[in-house]
Structure formats: C-alpha cells, structure tokens
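Participant: curious how this folds, go ahead:
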Amino acid sequence: MKYDIASKIIIDIGKEAILRRFLKINPESIQLLEELSVETFSLRRSDFPLRVVFKNRQELIVLIEIQTDFNQDFILRLIDYRVRFQLKYHLEVIPLVLLLTPSSLATGQYRDKFLTFKYHLVCFQDENSEDYLDEMSLYPFLPLMKGGEKFLEKAEIAIYDNMEMGLVEKGDMLTAMAIFAGLKNKDLATQLIKRRRDIMKQSVAYEIIKEEGLKEGMQQGMQQGMQQGMQQGMQQGMQQLLLDALEIKFETIPLRLIEAIKEIENTETLKILHRYVIKYNSIEEFENKMKLMFEG
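Facilitator: I've put the predicted structure just below:
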C-alpha cells in the first residue's frame with residue numbers, strides 16, 4: 001500500500017519526465033483522466049491514466065501502472081484497464097509498467113492460446129542511476145536503480161535545498177524516496193527519515209502512510225489479542241478439566257497440586273496428565289509421576 005501511495009505522488013510530480021525518459025514522448029499538455037485526490041490514495045488500484053496531447057493536436061492515453069510484486073493476474077488486470085480506456089475514449093492506449101522490484105515474470109509481453117499483449121516495461125533495477133541525475137522529479141526512484149544508494153544523500157540535499165519547490169512537494173519527494181530506499185536497504189530509509197522528518201511531515205503521503213500503519217498495527221494487535229485470548233482460554237479449560245477429573249476420581253486434591261496445575265501453560269502437557277488420572281490409582285502416584293515429568 002505505501003509503495004502505491006508514494007508512486008502515485010511521484011508520478012503526479014514527474015509525469016513529464018516519465019513520458020520523456022521512458023516513452024520518448026514530449027507532449028504539449030497532459031491531463032490526468034481520474035482526479036488524484038486524497039481518497040484515491042487509499043485505493044488498492046494503482047493505475048494512473050494520462051491523456052496526452054501533442055502540438056499537432058494528436059491525442060493518446062498513457063496508462064501508467066506501478067507494481068511492487070509482479071504476477072500474471074496483474075497483467076490480466078492491465079489488459080482489462082487498457083480495453084476499458086480504449087472503449088471509453090477511442091484513442092490509442094499505451095500501457096507503461098514501472099516495476100519497483102525485479103521479477104522474471106516481467107518480460108514486456110503476455111501470451112496465451114488466444115491473446116498476445118505487449119506493454120512497455122521499466123524495471124528500475126536495470127536502470128543506471130547516473131543517467132537520471134538531471135531529472136530531479138525522478139530522484140525518489142534513484143534508490144531502486146543501479147548504484148542509486150551512493151547518490152541518495154546528494155539527491156536528498158538537492159531536494160531539501162531547492163528554492164523552487166514548496167514544502168509539501170519537498171515532503172512528498174523525500175517521503176517517497178525514503179519508502180523506496182526501504183525496499184533496498186531499511187537502514188538507509190531509517191536514516192533519511194530521521195534527518196528529514198521535519199519536512200516529511202508536510203507531505204500528504206507521510207500522514208496517509210502513518211494512518212495506514214496505525215490501522216495495520218491495530219488490526220495485527222487485535223488478531224494477536226484474539227489468538228492469545230483463545231490460547232489462554234484453552235489452557236484454562238484444560239486445567240479445569242484436569243482438576244475436575246482428579247476430584248471425581250480422588251475426591252480430595254492437595255492445594256499444592258492445584259497450584260502446580262494452574263501454573264502449567266502447555267495444553268499438550270495438560271492432556272497427558274489428564275490421561276494419567278485414569279492410569280493411576282492414588283493421588284500420590286499421580287503427583288509423583290507429574291514431578292518426574294517436570295524433572296525429566
């Protein structure tokens with residue numbers, strides 16, 4: 001989710017550079033066909049459709065897709081997106097896939113028994129970071145490129161010191177750079193966040209990611225709590241079954257034995273002890289066997 005958020009923000013900032021560098025397109029104007037609002041960031045879909053107009057008034061659509069983990073289902077969805085936009089606008093639609101992490105499945109072409117589908121593919125791992133030092137709007141992608149880590153600090157300073165960017169745009173760029181750096185090296189990402197948290201807080205992405213992280217943390221906490229509660233309930237139930245069985249067979253249970261059983265957390269151990277109740281004829285035999293189990 002956080003990679004989708006970061007990618008959408010950077011595409012919005014660097015769409016001209018993306019079209020120019022990856023598709024060799026220099027349009028007169030670019031229009032985002034579906035408005036990129038705060039609500040859009042929370043969606044799972046990552047398509048970014050641009051209506052491109054050239055000086056001769058020729059038009060086409062570029063459908064930019066960001067993928068972290070590549071799979072065949074993604075390609076089928078991409079085919080669906082392309083067809084939908086072509087049917088709606090009756091324009092040529094160029095699919096462009098920006099791949100954040102390498103995958104052997106990503107080849108630029110899909111083929112089955114009935115269909116052949118081609119798409120433009122940019123795998124950042126195959127791009128040389130030095131070739132993009134003149135494209136500040138694409139700096140957040142540098143950590144994903146070859147040798148990008150060594151330019152991270154230089155890029156960070158260039159963004160931070162840029163007098164033409166507003167605080168929000170700087171925050172967006174640095175937040176995205178930290179997120180992508182985390183895909184390659186978590187320590188680099190952590191260091192960048194520590195250095196530039198002051199300006200990252202200006203970013204819409206930073207707030208959304210923080211909120212998403214809080215939701216995920218709460219959900220994980222609830223799941224863990226439920227699992228712990230179920231485990232504890234099972235443990236207490238097994239303890240009580242064992243005590244009931246001892247009371248039915250031997251009537252009187254020493255207090256020390258009751259306390260010892262209540263300290264047993266392993267349900268398998270409690271099941272074994274429950275079978276021993278049937279096996280032994282006196283509370284003393286049972287207690288001695290129980291002591292031997294824990295001493296062993």
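
Participant: and the strands in this protein, which stretches?
Facilitator: Counting by DSSP state E, one finds strands in the chain at the ranges 29-32, 47-53, 59-67, 93-99, 109-111, 116-118, 120-123.

Participant: which of these sits closest to Q236?
Facilitator: Comparison of these against Q236 by C-beta to C-beta identifies strand 59-67 as nearest, at 47.3 Å. (Glycine included, C-beta is placed from N, CA and C.)

Participant: one step back: just send the strands of the chain back as CSV, with mean neighbour count, distance to I13 and mean pLDDT too.
Facilitator: Converted to CSV, these look like this (neighbours: other C-beta atoms under 10 Å; distance: least, C-beta to C-beta, whole Å; pLDDT from 0 to 100):
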stretch, mean neighbour count, distance to I13, mean pLDDT
strand 29-32, 12, 12, 90
strand 47-53, 20, 12, 89
strand 59-67, 21, 13, 92
strand 93-99, 21, 14, 95
strand 109-111, 13, 30, 93
strand 116-118, 12, 28, 95
strand 120-123, 18, 17, 96
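
Participant: let's have those strands in JSON lines, adding distance to Q239.
Facilitator: Formatted as JSON lines, the strands of the chain follow (distance: least, C-beta to C-beta, whole Å):
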{"stretch": "strand 29-32", "distance to Q239": "62"}
{"stretch": "strand 47-53", "distance to Q239": "55"}
{"stretch": "strand 59-67", "distance to Q239": "51"}
{"stretch": "strand 93-99", "distance to Q239": "54"}
{"stretch": "strand 109-111", "distance to Q239": "58"}
{"stretch": "strand 116-118", "distance to Q239": "61"}
{"stretch": "strand 120-123", "distance to Q239": "57"}
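
Participant: can you say which of the ones you listed is nearest to S7?
Facilitator: Comparing the strands of the chain by C-beta to C-beta, strand 59-67 comes nearest, at 3.8 Å.

Participant: could you list the domains of the chain?
Facilitator: Domain segmentation of the chain under automatic domain parsing yields 2-211, 228-295.

Participant: can you flag the weakest of those domains by average pLDDT?
Facilitator: Here the lowest mean pLDDT among the domains of the chain goes to domain 228-295, at a mean of 81.

Participant: now K150: how far from L167?
Facilitator: 27 Å (C-beta to C-beta, to the nearest Å).

Participant: ah, wrong one, I meant D244
Facilitator: 67 Å.

Participant: out of the strands of the chain, which comes closest to M234?
Facilitator: strand 59-67 (41.9 Å).

Participant: contacts for that closest one next, please.
Facilitator: Applying C-beta atoms under 8 Å, 6 or more residues apart in numbering, the contact partners of strand 59-67 are 3-4, 7-8, 11, 15, 18-19, 23, 25, 33, 46-53, 74, 78, 81-82, 85-86, 89, 91-100, 106.

Participant: and K118, how far from T252?
Facilitator: Counting by C-beta to C-beta, the gap from K118 to T252 is 82 Å.

Participant: now do T269
Facilitator: For T269, the distance to T252 - C-beta to C-beta - is 23 Å.

Participant: these two: who's more crowded?
Facilitator: Of the pair T269 and T252, T269 is the one with more neighbours under other C-beta atoms under 10 Å, namely 16 against 7.
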